[in-house]
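Trainee: turn this into a model:
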Amino acid sequence: MLMDDCTWLQVTHESSMWRLLQRLGIHYKRGRDYVHSPDRHYAEKLSLIQLARMRAYYDPQRFVLVYVDEFSYYRQPTVASAYEAAGRCQPLARRSHQSNTQHRVIGALNACSGQVTYRQRSRITRFVVADFWGQLRADYPHVECIYAVVDNWPVHFHADALARLQPQQMPWPPYVPAHWPTKPSAKVPQDDLPIQLLCLPTYASWLNPIEKLWRWLKQDVVHLHPYSDDWPTLKQQVACFLDQFANRSEQLLRYTGLLGI
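Mentor: Numbers count the residues shown, from 1 in each chain. Just a heads-up that it's a prediction; the model follows:
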């Protein structure tokens, strides 16, 4: 109890404590996860991304900037708030008796148009990432450069994942395990796709607007979904949701906070 821990307040009744907290503007709130980015190049990385974004905004025929990220969803529905009849009835996340299979999505959100490029796979490997760069280039076949803002997941920077891209210009090379190869394997075609990776500051997911797209996807499809016994239909529902953003979407730009920036 707050009264027991703060005896110096000399408050002896709960009602008196409540009134005191009201006067002080202090409320009882649910906590949230929080981490402070330890990246010493935080400001410099952010400035580099903002510069690329301005290029894309003012010269969209030559430059494109996309925010890239991966998302996981599962066979079993997640629990969330929803509308239900008054009384004791509660919205139910109806689970099946099957294993909670995972599926993954890699996506790219155009910062200026809201267009979404995505690919679904059971796992996002370095080879899937390499293929995704080819898919991204196919969506923007005529631009001079595609800036892809990515987080610091090491797979993004595996030699096989980079094999299809033009030489990268990274002022602050990201971390990759020391035992990983420095040259791509023969399994990956070596192209010269005009895609430049821009690294987000470490542990700074709030700087990636595509995270809000995943939140929207969870709200509309994943939470309380009725497809725990119909895995293919759930994957199709995810695809249908993302397909609505195959072209320019002002609604998505507004939702992610990108409209007018």
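Trainee: okay, CA-based contacts and neighbour counts for the rest of this
Mentor: Fine.
Trainee: next, the distance between the ends of stretch 164-183.
Mentor: In stretch 164-183, first residue to last residue: 12 Å (C-alpha to C-alpha, to the nearest Å).
Trainee: may I see the buried residues of it?
Mentor: Buried positions in stretch 164-183, judged by neighbour count with 16 or more other C-alpha atoms under 10 Å: 164, 165, 176.
Trainee: and of those residues, the nearest to residue 109?
Mentor: Closest to residue 109 out of those is residue 165 (18.8 Å), distances taken as C-alpha to C-alpha.
Trainee: pLDDT and distance to residue 148 added to the buried residues of stretch 164-183, as CSV?
Mentor: CSV is the format used below for these (pLDDT from 0 to 100; distance: C-alpha to C-alpha, whole Å):
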residue, pLDDT, distance to residue 148
164, 96, 14
165, 97, 11
176, 96, 18
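Trainee: spatially central residue in the protein, please.
Mentor: Against the mean C-alpha coordinate of the chain, by C-alpha atoms, centre = their mean, the closest residue is residue 211 at 3.1 Å.
Trainee: wait, it touches residue 205, no?
Mentor: Yes: the criterion here is C-alpha atoms under 8 Å, and residue 211 meets it with residue 205 at 7.5 Å.
Trainee: which parts of the chain are helices?
Mentor: Taking DSSP state H as the criterion, the chain contains helices spanning 2-5, 14-24, 42-58, 126-139, 159-162, 210-217, 231-243, 250-256.
Trainee: where does the prediction get shaky in the stretch 151-261 of the chain?
Mentor: 261 (pLDDT under 70).
Trainee: with adjacent residues omitted, what lies nearest to residue 168?
Mentor: Nearest residue to residue 168, sequence neighbours excluded (C-alpha to C-alpha, 6 or more residues apart in numbering): residue 196, at 6.0 Å.
Trainee: wait, doesn't that neighbour sit right on residue 157?
Mentor: No: between residue 196 and residue 157 there is no contact under C-alpha under 8 Å: 11.6 Å.
Trainee: returning to that earlier point: among the helices of the chain, which comes closest to residue 100?
Mentor: helix 231-243 (10.1 Å).
Trainee: the nearest residue to residue 61 once chain neighbours are set aside - how many residues pack around it?
Mentor: Leaving aside its sequence neighbours, residue 61 sits nearest to residue 143 (C-alpha to C-alpha, 6+ apart; 5.9 Å). With neighbours defined by other C-alpha atoms under 10 Å, the count for residue 143 comes to 16.
Trainee: same thing with the one 4 residues further on?
Mentor: Under the neighbour criterion other C-alpha under 10 Å, residue 147 is assigned a count of 22.
Trainee: do the same with residue 241
Mentor: 14.
Trainee: ok, the residue nearest to it when sequence neighbours are not counted to residue 24 distance?
Mentor: Nearest residue to residue 241, sequence neighbours excluded (C-alpha to C-alpha, 6+ apart): residue 217, at 7.1 Å. To residue 24, residue 217 is 39 Å away according to C-alpha to C-alpha.
Trainee: which of these two has more neighbours?
Mentor: residue 217 (18 against 9).
Trainee: local confidence estimate at residue 10?
Mentor: Listed pLDDT for residue 10 reads 69.
Trainee: what's the spacing between the residue nearest to residue 168 and residue 76?
Mentor: Relative to residue 76, and taking C-alpha to C-alpha, residue 196 is found at 37 Å.
Trainee: which one's more surrounded, these two?
Mentor: residue 76 (25 against 19).
Trainee: hang on, isn't the more buried one packed against residue 95?
Mentor: Yes: the criterion here is C-alpha under 8 Å, and residue 76 meets it with residue 95 at 5.6 Å.
Trainee: just to revisit the earlier point, closest to residue 181 out of the helices of the chain?
Mentor: Residue 181 lies closest to helix 159-162 among these, at 6.6 Å (C-alpha to C-alpha).
Trainee: which strands or helices does that closest one pack on?
Mentor: helix 126-139 (3 or more C-alpha pairs under 8 Å, 6 or more residues apart in numbering; DSSP states H and E).
Trainee: can you mark which positions in the helix it packs on are buried?
Mentor: Result for helix 126-139 [16+ other C-alpha under 10 Å]: buried residues 126, 127, 128, 129, 130, 131, 132, 133, 134, 136, 137.
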